[in-house]
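Participant: Sequence and computational prediction follow.
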Amino acid sequence: ILLIAAAAVLTVAKTVKADSLRKAFAEQMSLGERYLLEQNYEEAVIAFQMAIEIDPKNADSYLKLSEAYAGTGDYENAVSALENGYGQIQDDRLMKAMEKYERLLKQIPVLEHLEEVMAQSDRDGVWEFQKGDEYQDLADSAEEVIVYPVDGKMYLLIYPCGHCYYGTMEDGKRSGYGIWAA
């Protein structure tokens, strides 16, 4: 009877612990996603790192962590987080995201140059830059909108169609002051 009781207690304890871990993981993911929406990327990084500590076999937490790093412009850590995740679970989504951030790392000089031109509000200069091979290669490689954070307030967005935006964002969308070039 004691053995049966002990086994029952252990089973209940394991179930309670597993439920507690699932709940903690879900809370960290939800918190991190909220921080992403608020563009509070540093806090999002912390939340997603905690989610990974709870469940290192969940690909979504690595993807979101890389997104948070990218929000700060830290593409190197975005790639590193995805490499770590891929080492844990070999999910193809992690490899695809890693390749995207590696391409962006190579394009940073082009993004920085475009940001300088757009910050001067020189539309003719922007249009000339957009006609160049460097910009065309960048726009052609974009499978989705490239969001390049300039500082805590300003962002540079490159659209797959070749249009670009330099200005403020709120809740992940263009808002307030900005320059649009097509």
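Facilitator: Here it is on my side, so go on. Residues are numbered from 1 along each chain as shown.

Participant: What's the mean pLDDT across stretch 153-161?
Facilitator: For stretch 153-161, mean pLDDT rounds to 89.

Participant: Mind listing what's buried along that stretch?
Facilitator: Residues 154, 155, 156, 157, 158 are the ones in stretch 153-161 that count as buried (16 or more other C-beta atoms under 10 Å). Bear in mind the C-beta positions are built from the backbone N, C-alpha and C, glycine included.

Participant: again with stretch 41-58
Facilitator: Along stretch 41-58, the positions that meet the burial threshold by neighbour count (16+ other C-beta under 10 Å) are 41, 44, 45, 46, 47, 48, 50, 51, 52, 54, 55, 58.

Participant: Need the max-distance pair from those residues.
Facilitator: Farthest-apart pair in these is 41 and 55; separation 21.4 Å (C-beta to C-beta).

Participant: Sort out for me which of the buried residues of stretch 153-161 are in strands.
Facilitator: Secondary-structure check on the buried residues of stretch 153-161 using DSSP state E: residues within strands are 154, 155, 156, 157, 158.

Participant: Give the bridge partners for the first one, please.
Facilitator: The residues listed as beta-bridge partners of residue 154 by DSSP bridges are residue 168.

Participant: Would you check that it makes contact with residue 168?
Facilitator: Yes. Judged on C-beta atoms under 8 Å, residue 154 makes contact with residue 168 at a distance of 6.4 Å.

Participant: which residues are in contact with stretch 135-151?
Facilitator: Outside stretch 135-151, the residues within contact range by C-beta atoms under 8 Å, 6 or more residues apart in numbering are 70-73, 100, 103-104, 107, 110-111, 114-115, 119, 129-130, 155-162, 166, 169.
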